[in-house]
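Colleague: Have a look at this prediction, sequence included:
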Amino acid sequence: MGLCALGIFLTIPIGRRIQKYVYINWGREAFLYFVLVCLVFGCIGVLYLLIFKLKIKYASNYIWLILCAGFYTYFTLKRHSIPEEAVHFLEYGLLSYLVFRALRQNIKDRSIYFSAFFIALLIGTIDEIIQWIIPQRYWSFGDVGLNGLSAGLFQLVLWKVIRPKEISGKINVRSIKMLSYSFGSCAILLGLCASNTPARVSYYTNIFPSLSFLQKEEPMSEFGYKYKDKEIGIFYSRLSPEDLRRTDETRDDQSAVILNQSEEIPYEKFLRDYNPISDPFLYEIRIHIFRRDTYLEKGKGIIDPDNKKQSLFIAYKENIILEKYFGNTIKKAKYGWKKENITEAGFLINKNKFYESPVSAELFTSFSEKTMWLSIIFILLSLGFFNIIIQKKENSGGYL
């Protein structure tokens with residue numbers, strides 16, 4: 001287990017080089033084909049085990065195998081746009097199995113499947129943290145979830161398909177403690193990751209200047225606000241309605257000058273210089289402008305009427321966001337829309353159609369950081385209280 005986890009960690013710095021080599025020599029789809037071929041051989045191996053080794057005759061084992069294989073195939077094919085991520089299913093499937101093998105020396109009940117899952121998820125989270133630290137590798141809660149999904153599916157195979165005979169005992173105090181430790185550790189680490197916001201990164205890198213390189217990395221986590229507007233639909237921002245309005249009113253001249261100068265600066269460089277840590281207002285307005293103008297040009301160049309309408313619809317709605325919430329700055333910058341653009345787009349599209357902008361959609365908006373930590377503390381206290389109860393019950397000779 002430890003060697004497998006170490007191997008995963010050691011491949012992180014060279015991951016991009018491996019990806020580039022495969023893309024050049026075999027094509028990007030090679031990752032998907034490799035995972036699917038391994039999946040086929042894995043299913044054949046499990047079938048051989050069930051039929052010839054374990055001599056299983058119950059239909060439910062084979063039904064679960066088909067379901068698990070279907071889930072693996074479905075989620076693998078869903079990664080077609082980023083095929084290298086499909087390799088997570090192999091890495092964390094193998095890791096999940098090795099964690100199970102390590103735990104079964106001491107745990108003989110069904111809690112082992114959940115403990116193994118949480119330990120694999122914990123390792124998968126550490127994997128993503130290391131990726132965030134390394135330049136040109138990125139953190140993603142989605143990838144953490146993918147690692148957990150891979151581990152969870154393999155535990156499902158062990159539980160429902162293979163069904164090891166030795167995993168049949170009653171849940172005891174040792175099992176509950178292991179499950180509590182693994183689950184609690186995951187909750188704390190994921191909470192810390194969610195709290196690693198740009199403001200917090202700025203705070204501790206100022207205290208420890210040697211970590212200042214982390215300010216250039218993409219944010220690990222951000223909390224923000226979900227705006228619901230009848231004319232637009234939904235969009236997201238790091239700034240509260242009051243802060244967004246005040247910034248647009250008090251910094252409009254300065255922001256307009258910076259935006260006008262950005263015509264000579266590559267888009268990616270602008271976002272690095274004016275990032276969510278240093279200037280969330282300019283960061284967001286520039287992305288909205290880029291998205292609006294990109295879809296406007298795309299819409300003008302498309303002949304197909306449906307695709308044309310969709311592109312102009314996106315551009316039109318993004319422009320409303322800019323004019324309505326970044327209005328003072330847009331008016332003084334060179335990025336205001338010409339009337340003919342508004343007229344053309346407005347004539348072709350359904351203005352009342354709902355729109356949700358993907359700009360900053362990764363922000364946590366359904367709960368606050370305070371709510372998150374209160375929930376985590378409540379979970380940890382509940383686990384501690386539960387462990388005390390079952391320990392007393394076992395000491396008194398009772399059964400779980």
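Modeller: Nice, thanks for sending it over.
Colleague: And the pLDDT for Ile133?
Modeller: Note on Ile133: pLDDT of 88.
Colleague: show me the contacts for it.
Modeller: Residues in contact with Ile133, defined by Cβ atoms under 8 Å, 6 or more residues apart in numbering, are Leu214, Glu217. C-beta coordinates here come from the backbone N, C-alpha and C atoms, glycine included.
Colleague: any idea how far it lies from Glu166?
Modeller: From Ile133 across to Glu166, the span is 40 Å (Cβ to Cβ, to the nearest Å).
Colleague: Lowest-scoring secondary structure element of the protein by mean pLDDT?
Modeller: The weakest-scoring helix or strand in the chain, judged by mean pLDDT, DSSP states H and E, is helix 339-348 (a mean of 78).
Colleague: What is the subsequent helix or strand relative to the helix or strand harbouring Gly70?
Modeller: Using DSSP states H and E, Gly70 sits in helix 59-77. Using DSSP H and E, the helix or strand that follows helix 59-77 towards the C-terminus is helix 88-103.
Colleague: how far does that following helix sit from the chain's center?
Modeller: Centroid separation for helix 88-103 versus its chain: 21 Å, with Cα atoms, centre = their mean, to the nearest Å.
Colleague: Give me the residues contacting it.
Modeller: Applying Cβ under 8 Å, 6+ apart, the contact partners of helix 88-103 are 1, 4-5, 8, 35, 38-39, 72, 75-76, 112-113, 115-117, 119-120, 123-124, 143, 146-148, 150-155, 158, 178.
Colleague: now do stretch 276-294
Modeller: 198-199, 201-202, 215, 219, 222, 237-239, 244, 247-248, 251, 255, 258-259, 262, 267, 270-271, 274-275, 314-315, 318-319, 321-322, 326, 329-330, 335, 337, 357, 359-360.
Colleague: Just the buried positions in it, please.
Modeller: In terms of neighbour count (16 or more other Cβ atoms under 10 Å), stretch 276-294 has its buried residues at 276-277, 279-293.
Colleague: quick one: low-confidence ranges for the chain?
Modeller: Applying pLDDT under 70 to the chain flags the ranges 136, 397-400.
Colleague: still on that earlier bit, the contacts of helix 88-103 in helices, which ones?
Modeller: 4-5, 8, 35, 38-39, 72, 75-76, 112-113, 115-117, 119-120, 123-124, 143, 146-148, 150-155, 178 (DSSP state H).
Colleague: Give me the distance between the closest residue to Leu149 other than its chain neighbours and Lys177.
Modeller: Counting by Cβ to Cβ, 6 or more residues apart in numbering, the nearest residue to Leu149 once its immediate chain neighbours are dropped is Phe75, at 6.4 Å. Using Cβ to Cβ, Phe75 is found at 32 Å from Lys177.
Colleague: Then Gly70?
Modeller: Noted for Gly70: a distance of 35 Å to Lys177, by Cβ to Cβ.
Colleague: do the same with Gly336
Modeller: Remark: distance between Gly336 and Lys177 (Cβ to Cβ) = 63 Å.
Colleague: before we move on, what about Ser262?
Modeller: To Lys177, Ser262 is 56 Å away according to Cβ to Cβ.
Colleague: Spell out, range by range, the helices that occur in the stretch 301-400 of the chain.
Modeller: For the stretch 301-400 of the chain, the helices defined by DSSP state H, counting those that start in this stretch cover 305-325, 327-332, 339-348, 369-395.
Colleague: of all those, which lies closest to Arg137?
Modeller: With distances scored as Cβ to Cβ, the stretch of the helices of the stretch 301-400 of the chain nearest to Arg137 is helix 369-395 (25.0 Å).
Colleague: wait, isn't Asn147 in contact with Ala120?
Modeller: Yes - the criterion here is Cβ atoms under 8 Å, and Asn147 meets it with Ala120 at 7.3 Å.
Colleague: Could you measure from Ile285 over to Glu362?
Modeller: Distance from Ile285 to Glu362, by Cβ to Cβ: 17 Å.
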